[in-house]
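J.: sequence and predicted structure are below.
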Amino acid sequence: MGEPTTGKIIVFSVLTAMVIGGGLGVVFLRNVFHALVAMVVCFLGVAGVYFSLQADFLAVMQVLIYVGAVAVVIAFAVMLTRRGTMADSNRFVASGLQLAIGAAVAAGVGVALLRLICETAWQASGKFPATDVTRFLGEALLTRLPIPFEIAAVLLLVALVGAVMIALEEVHKS
Amino acid sequence: MPDVTQGLGAYEVIVGWLSGFTPHWLAEVLYRVGAGLLILTLISTLALVLVYILRKVMGHMQCRLGPRVTGPFGLLQTAADAVKLMQKEDIIPTNVDRFLFILAPYVVFFSCGMIFMVLPLSPTWILNDLEVGVLFFVAFGSLASFGLLMGGFGSNNKYSLVGGMRSVAQVVSYEVPMVLAILGAVMLAGSLSMHQIVVAQEGMWLGFIPKWFIFLQPLGFVIYFLCGLAETGQTPFDLPEGESELVAGYNTEYSGMRFALFFLAEFGNLFAISAMATTLFLGGWHGPVFSFLPWLWPFVWFMAKAMALTFCMMWVRSTWLRFRIDQMMDFAWKILVPLSLLNIFITAGEVAIIR
């Protein structure tokens, strides 16, 4: 990649602002649905960071899974909550004690992570990065790592069957 | 590794020319802004043309004449409509959630613009030939549903909310068979890049049958086409804005330019789905190239195929009835998903024979 150019620095600053701003929005916005939108902004910013690092597959997966699925599922969950006014639906913002505890936990995790990052001796590989990442990932999943792949598949199947069972119970009741 | 943002054939020329009198980084920025403006222009022009064609096609199919007063054959009707929409007062109802209400049309339009980035309109015209172009298309297609949900929720109106919820339910369900149908073409081409998929369809069998994937998997094409209709909320599946029960669904409260953005995105998506079907199953830009303006023909063939498919969508739109929501969900999960799984088995057999 070489030295960062002006353009790359600008792009990185904008994306970082999106990620951090989105994250702060999730915590501090009073309306839960607004917090959800802030979270989507954060996800899109992370996807942008992946794109700027040329990890296209990860970036697209970030959009597909987190924006297309996770955010939508959370939106459905928000619809099921019953709070008189949406304008004050994010309960944790108002309480100072909870904010203090949350800030302390976040600071602790942050310090621990920073320390790990700084102490680890990161190895820079001289190897040329894999050009066809998708093919590489697919072959690795189906040849060298079949067991995690199968476990994930079974887990999803169980979730699917469970969802159908719960839906069927509702149908029988009505 | 080549920079993937340099897909447009004229990149070297344009950036070289701009670098002559600006710093290099400004030339890069200007090139990208220009590419973005190109997409905006393309979507707007397509919407103008498609709305006119739609009204004419629907009119003639329903024994009417369609627009014919403004300009010759009514050609200026959609331009006049666009001017009217731009001049309208920007109405934001008092009780809406302003943040969501204002943001929603932009999210929907943004997703539509991102989709256009990976469409290979000709060998040189693909703004960004990503390695994972197909997935990119699916990912940003699903972002639109979140925008619709934002609009529906922000409108503070039960009809809008039900419309937005339906659109999300619809997109989430129909994404499954759509991705499985696309997988067939991806397996045959052995790549997720839109450019590579079209290149894989080059040539002829027996000298006269073009090597288009539709001949190898007609089932996949039909499933993709149906799911495409559902993803973009076209007529047999336009439940998010079903007028008979939901007034106008998610865009009930929208007017003026905000409504126009939804409208532009809808017609942009209509074309994008046809273009994607052309890329995956109809051989993309492949077709006879003549010696007169050889660089133009691929573009012409691509547009001709995509427009023919768009015409089919309009045909469906003017003749079919709307489904009911439960019928629609049954159709997705009980018919399309098993059929698309069957399609994958068939494709695997074909791949084994061909290679």
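T.: Arrived safely, thanks for sending.
J.: just want the residue of the stretch 201-350 of chain B that's nearest chain A.
T.: Chain A sits closest to B:Trp333 of the stretch 201-350 of chain B, with a gap of 9.7 Å, by C-beta to the nearest C-beta. For the C-beta atoms, the positions are set from N, CA and C on the backbone; glycine is no exception.
J.: contact partners for that residue?
T.: Going by C-beta atoms under 8 Å, 6 or more residues apart in numbering or on different chains, B:Trp333 touches B:173, B:176.
J.: so it: helix, strand or coil?
T.: helix (DSSP: H, G, I helix; E, B strand; the rest coil).
J.: phi, psi of B:Val69?
T.: Main-chain dihedrals, B:Val69, degrees, to the nearest 10: phi -90, psi -50.
J.: number of nearby residues for the residue lying closest to it once chain neighbours are set aside?
T.: Of all residues not flanking B:Val69 in the chain, B:Gln77 sits nearest, at 7.5 Å (C-beta to C-beta, 6 or more residues apart in numbering or on different chains). Using other C-beta atoms under 10 Å in any protein chain shown, B:Gln77 has 20 neighbouring residues.
J.: give me the pLDDT for A:Ala159.
T.: pLDDT for A:Ala159: 90.
J.: same question for the closest residue to chain A within chain B, what's its three-state structure.
T.: Minimum separation of chain B from chain A (C-beta to the nearest C-beta) falls at B:Ser142, amounting to 3.4 Å. Secondary structure assignment for B:Ser142 (three-state DSSP): helix.
J.: quick one: it from B:Trp333, how far?
T.: Taking C-beta to C-beta, to the nearest Å as the measure, B:Ser142 falls 17 Å from B:Trp333.
J.: same check on B:Gly249?
T.: According to C-beta to C-beta, B:Gly249 and B:Trp333 sit 22 Å apart.
J.: ditto for B:Met314
T.: On the measure of C-beta to C-beta, B:Met314 and B:Trp333 end up 28 Å apart.
J.: please apply the same query to A:Trp122.
T.: Here A:Trp122 is placed at a distance of 47 Å from B:Trp333 (C-beta to C-beta).
J.: what pLDDT does the closest residue to B:Asp97 other than its chain neighbours get?
T.: Nearest non-adjacent residue to B:Asp97, counting by C-beta to C-beta, 6+ apart: B:Gly154, 4.2 Å away. The model reports B:Gly154 with a pLDDT of 79.
J.: how many other residues sit next to B:Gly154?
T.: By other C-beta under 10 Å, the residues close to B:Gly154 number 25.
J.: wait, isn't it in contact with B:Pro105?
T.: No - with contact defined as C-beta atoms under 8 Å, B:Gly154 does not reach B:Pro105; the gap is 10.4 Å.
J.: A:Ala153: which element?
T.: A:Ala153 is part of helix A:146-173 when elements are defined by DSSP states H and E.
J.: that helix vs chain B: in contact?
T.: No - shown here: helix A:146-173 not in contact with chain B (C-beta under 8 Å from any C-beta of the partner chain), separated by at least 9.7 Å.
J.: buried ones in that helix?
T.: Across helix A:146-173, burial judged by 16 or more other C-beta atoms under 10 Å in any protein chain shown covers no residue at all.
J.: what's the answer for stretch B:184-203, then?
T.: Across stretch B:184-203, burial judged by 16+ other C-beta under 10 Å covers B:184-189, B:191-201.
J.: okay, that stretch in CSV with CA atoms only?
T.: Taking C-alpha atoms only, stretch B:184-203 is exported to CSV below (Å, rounded to 0.1, in the frame of the first residue of the first chain):
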residue,chain,number,x,y,z
GLY,B,184,-26.1,-21.1,-9.9
ALA,B,185,-24.6,-18.6,-12.3
VAL,B,186,-21.7,-18.0,-9.9
MET,B,187,-21.0,-21.7,-9.8
LEU,B,188,-21.0,-21.9,-13.6
ALA,B,189,-18.7,-18.9,-14.0
GLY,B,190,-16.5,-19.8,-11.0
SER,B,191,-16.3,-16.1,-9.9
LEU,B,192,-18.2,-13.5,-8.0
SER,B,193,-16.9,-10.7,-10.2
MET,B,194,-19.6,-9.3,-12.5
HIS,B,195,-16.9,-8.8,-15.3
GLN,B,196,-15.7,-12.4,-15.0
ILE,B,197,-19.3,-13.8,-15.1
VAL,B,198,-20.0,-12.0,-18.4
VAL,B,199,-16.6,-13.1,-19.8
ALA,B,200,-17.5,-16.7,-18.9
GLN,B,201,-20.6,-16.5,-21.2
GLU,B,202,-18.5,-15.7,-24.3
GLY,B,203,-18.8,-17.9,-27.4
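J.: contact partners of that stretch?
T.: With C-beta under 8 Å, 6+ apart as the test, stretch B:184-203 has contacts from A:134, B:7, B:118-120, B:123, B:126, B:129-135, B:137, B:210-213, B:216-217, B:220, B:279-281, B:283-286, B:343-344, B:346-348, B:350-351, B:354.
J.: and that stretch, what's its mean pLDDT?
T.: The pLDDT scores in stretch B:184-203 average 82.
J.: how far off centre is stretch B:132-141?
T.: 11 Å (C-alpha atoms, centre = their mean, to the nearest Å).
J.: give the buried residues for it.
T.: Buried, per 16+ other C-beta under 10 Å, within stretch B:132-141: B:132-141.
J.: tell me the contacts of the residue positioned nearest the centre of chain B?
T.: Nearest to the geometric centre of chain B sits B:Ala272, at 2.1 Å (C-alpha atoms, centre = their mean). B:Ala272 is in contact with B:112, B:115-116, B:119, B:137, B:141, B:232, counting by C-beta under 8 Å, 6+ apart.
J.: tell me which helix or strand it sits in.
T.: Per DSSP H and E, B:Ala272 falls inside helix B:256-281.
J.: starting at the chain centroid, how far to that helix?
T.: 4 Å.
J.: what is the mean pLDDT for that helix?
T.: 85.
J.: could you show me where the helices are in the chain, in order?
T.: Assuming you mean chain A. Along chain A, counting by DSSP state H, helices occupy A:6-28, A:32-52, A:56-61, A:71-80, A:96-119, A:133-139, A:146-173.
J.: sorry, should have said chain B
T.: B:11-19, B:24-61, B:77-87, B:98-117, B:133-154, B:158-189, B:194-199, B:213-216, B:218-231, B:243-246, B:256-281, B:297-319, B:325-330, B:337-354.
J.: in the stretch 1-150 of chain B, where is pLDDT below threshold?
T.: Applying pLDDT under 70 to the stretch 1-150 of chain B picks out residues B:1-13.
J.: who in it is up against chain A?
T.: Neighbours of chain A within the stretch 1-150 of chain B, by C-beta under 8 Å from any C-beta: B:1, B:4, B:25, B:28-29, B:97, B:99-100, B:103, B:130-132, B:135-136, B:138-140, B:142-143, B:145-146, B:149-150.
J.: in ChimeraX, how would I select the buried members of those?
T.: Buried members of these, defined by 16+ other C-beta under 10 Å, are picked up in ChimeraX with:
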select /B:4,28,29,97,100,103,130,131,132,135,136,138,139,140,142,143,145,146,149,150
